[in-house]
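Trainee: the following comprises the amino acid sequence and a computationally predicted model.
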Amino acid sequence: MVFRADRVLAVLQQKREAFVTFDQGLSERREGYRQAMKSLCRWSSAEIAEKTALLDFPGALPTQEWDLHSGWAIPFKQQWASYEESCEWARSVIKNIPTFAVDGSQIYPSKDLSIPVALVQIGWYENHHCAQGLYEKDIQVDVLTPKDLGSDSSGEPKERVVNMRRFQMETEKLVEYIRRAQLGSRKLAFLDGALVATFAEALEPESRDFYVQCLLQVLRASEQNRIPIVAYIDTTYTSDLVTLLRHCFDLPEAPQLHDAQLLSPWLEWGERTPFFICARGGSLNPQDGILNSYQEMRERVGFIYLRTNNNFPARLEIPVWVYEAGLLDWVVDLVRCEVIIGRGYPYVLETADQIAVIRNEDRNLFLRLMQDWASREKLSLRLSQKTVSKLQRRRVR
């Protein structure tokens with residue numbers, strides 16, 4: 001059946017009023033928050049602290065950078081006439097400074113196989129940014145057995161087990177890289193995702209604690225070995241600053257608003273916000289927020305927003321020790337370099353993703369490997385007839 005655009009448009013026209021009402025209400029709330037943003041620029045960090053003193057989780061806590069810059073945007077003074085000029089600047093800044101990133105992908109258990117099995121693959125990339133062009137990249141794989149997947153019990157969903165194993169492998173690789181580095185050496189590690197695991201709040205306590213412990217290992221390794229790490233979130237819907245504005249000016253709740261949306265008009269390319277400490281509460285109950293489980297790291301994760309392309313600003317979550325050590329500007333410059341090299345997205349993260357990704361042809365190869373191996377080992381493994389037919393056709397080609 002073909003897609004009938006005319007029918008979709010007819011239904012949209014019928015429901016136009018619902019969209020208009022939503023848009024008008026959102027615009028009104030957005031304007032109220034934008035006015036609050038202007039007003040907050042006249043407040044000192046001490047005044048903000050006093051206003052939020054009785055709150056355990058005001059969303060965000062300003063640092064001394066707020067007082068130094070008195071606004072949402074810290075200017076970026078570099079200007080270039082061409083992309084080539086920006087690349088020259090990037091190469092000069094990042095020269096001989098290794099950057100590292102890790103990413104992962106997976107094959108979930110499938111009905112195509114009679115035995116529950118999954119595959120997790122992580123890939124990592126380190127660019128030394130030296131004249132010799134040195135870089136290192138590799139992968140690590142793990143096969144999850146029926147026992148690993150909990151197939152003999154009614155436990156958590158198998159997909160979740162796979163996701164947790166992938167996350168564990170990614171964070172363990174980051175910790176390994178940081179621990180192997182010489183104390184305080186000039187390196188930068190990237191995490192594709194957040195250091196504050198709000199996504200885990202909806203999980204049962206055991207899984208929630210699993211994610212927290214993985215990230216605590218990363219945070220502790222970074223602070224102990226003095227190797228900075230940046231958690232880079234290209235598209236973010238967090239609302240820590242929205243929450244801070246709401247508490248400071250007694251504004252109505254606005255769940256559709258997010259920080260990057262409000263900050264977008266304030267930031268030109270390369271500009272960033274002052275450094276804030278994340279003080280996010282739970283989505284339903286502030287006291288149930290994930291940061292309550294972060295032990296000594298509860299107030300040791302900070303963030304900035306950085307304009308890196310024409311979309312909303314990216315969120316960078318950075319350990320507080322990096323700011324305290326006076327390394328923040330250096331770290332942010334390295335992120336700008338990676339974004340320039342990657343034309344809008346950090347090249348080191350993009351490359352790690354390309355190394356780790358499992359494509360459809362890789363999945364088919366995995367199924368054939370499983371079939372051939374199980375046959376040699378005399379294991380009772382069957383492929384669905386549909387899958388057998390597909391693999392046979394592709395072998396003929």
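Mentor: All right, it came through fine.

Trainee: what score does residue 157 have for pLDDT?
Mentor: According to the prediction, residue 157 has pLDDT 67.

Trainee: for the chain, where's the lowest mean pLDDT among helices and strands?
Mentor: helix 385-396 (a mean of 51; mean pLDDT, DSSP states H and E).

Trainee: and the residue lying closest to residue 236 once chain neighbours are set aside, helix, strand or coil?
Mentor: Among residues not flanking residue 236 along the chain, residue 315 sits closest, at 4.1 Å (Cβ to Cβ, 6 or more residues apart in numbering). C-beta here means a position set from N, CA and C on the backbone, and glycine is covered the same way. Secondary structure, DSSP: H, G, I helix; E, B strand; the rest coil: residue 315 is strand.

Trainee: now do the contacts for residue 14.
Mentor: Residue 14 sits next to no residue when contact means Cβ atoms under 8 Å, 6 or more residues apart in numbering.

Trainee: swap in residue 307?
Mentor: 267-272, 313-314.

Trainee: closest to residue 247 among the residues you listed?
Mentor: Closest approach to residue 247 among those (Cβ to Cβ): residue 313, at 22.0 Å.

Trainee: now that closest one. Its backbone dihedrals?
Mentor: phi -60, psi 150 (degrees, to the nearest 10).

Trainee: contacting residues around it?
Mentor: 260, 263-264, 267, 273, 305-307.

Trainee: can you tell me how far residue 355 is from residue 127?
Mentor: In this structure, residue 355 lies at 12 Å from residue 127, with Cβ to Cβ, to the nearest Å as the measure.

Trainee: tally of neighbours for the residue lying closest to residue 124 once chain neighbours are set aside?
Mentor: Leaving aside its chain neighbours, residue 124 sits nearest to residue 102 (4.2 Å; criterion: Cβ to Cβ, 6+ apart). When neighbours are defined as other Cβ atoms under 10 Å, residue 102 has 28 of them.

Trainee: likewise residue 127?
Mentor: The burial count for residue 127: 21, using other Cβ under 10 Å.

Trainee: distance of it relative to residue 137?
Mentor: 9 Å.

Trainee: what is in contact with those two at once?
Mentor: In contact with both residue 127 and residue 137: residue 351, using Cβ under 8 Å, 6+ apart.

Trainee: so residue 284: helix, strand or coil?
Mentor: coil.

Trainee: and it, its phi and psi?
Mentor: phi -100, psi -40.

Trainee: give the other helices and strands that the longest helix along the chain contacts.
Mentor: For the chain, the longest helix by residue count, based on DSSP state H, is helix 16-40. In this structure, helix 16-40 makes packing contacts with helix 240-249, helix 259-263, judged by 3 or more Cβ pairs under 8 Å, 6 or more residues apart in numbering; DSSP states H and E.

Trainee: and that helix, how far out from the chain middle?
Mentor: In terms of Cα atoms, centre = their mean, to the nearest Å, the centre of helix 16-40 is found 27 Å from the chain centre.

Trainee: do the same with stretch 320-327
Mentor: 21 Å.

Trainee: quick one: contacts of that stretch?
Mentor: 63, 65, 222-223, 226, 228, 275, 277, 299-302, 328, 331.

Trainee: so which of those residues sit within strands?
Mentor: Residues of the contacts of stretch 320-327 located in strands (DSSP state E): 277, 301-302.

Trainee: which residues touch the helix or strand encompassing residue 214?
Mentor: Here residue 214, judged by DSSP states H and E, is contained in helix 205-225. Identification of contacts with helix 205-225 by Cβ under 8 Å, 6+ apart yields 156, 160, 164, 167-168, 171-172, 174-175, 178-179, 181, 183-184, 189, 191, 195, 197, 199-201, 203, 227-229, 290, 293-295, 297, 300-301, 319, 321.

Trainee: got the helices and strands packed on helix 16-40 as CSV, with mean neighbour count columns?
Mentor: CSV is the format used below for the helices and strands packed on helix 16-40 (neighbours: other Cβ atoms under 10 Å):
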stretch, mean neighbour count
helix 240-249, 22
helix 259-263, 22
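
Trainee: quick one: those helices as JSON lines, columns for mean pLDDT and distance to residue 336 too.
Mentor: Converted to JSON lines, these look like this (pLDDT from 0 to 100; distance: least, Cβ to Cβ, whole Å):
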{"stretch": "helix 240-249", "mean pLDDT": "97", "distance to residue 336": "22"}
{"stretch": "helix 259-263", "mean pLDDT": "96", "distance to residue 336": "17"}
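
Trainee: which residues are in contact with the residue nearest the centre of the chain?
Mentor: Geometric centre of the chain, nearest residue: residue 193, 1.6 Å, by Cα atoms, centre = their mean. Residues near residue 193 by Cβ under 8 Å, 6+ apart: 231, 233.
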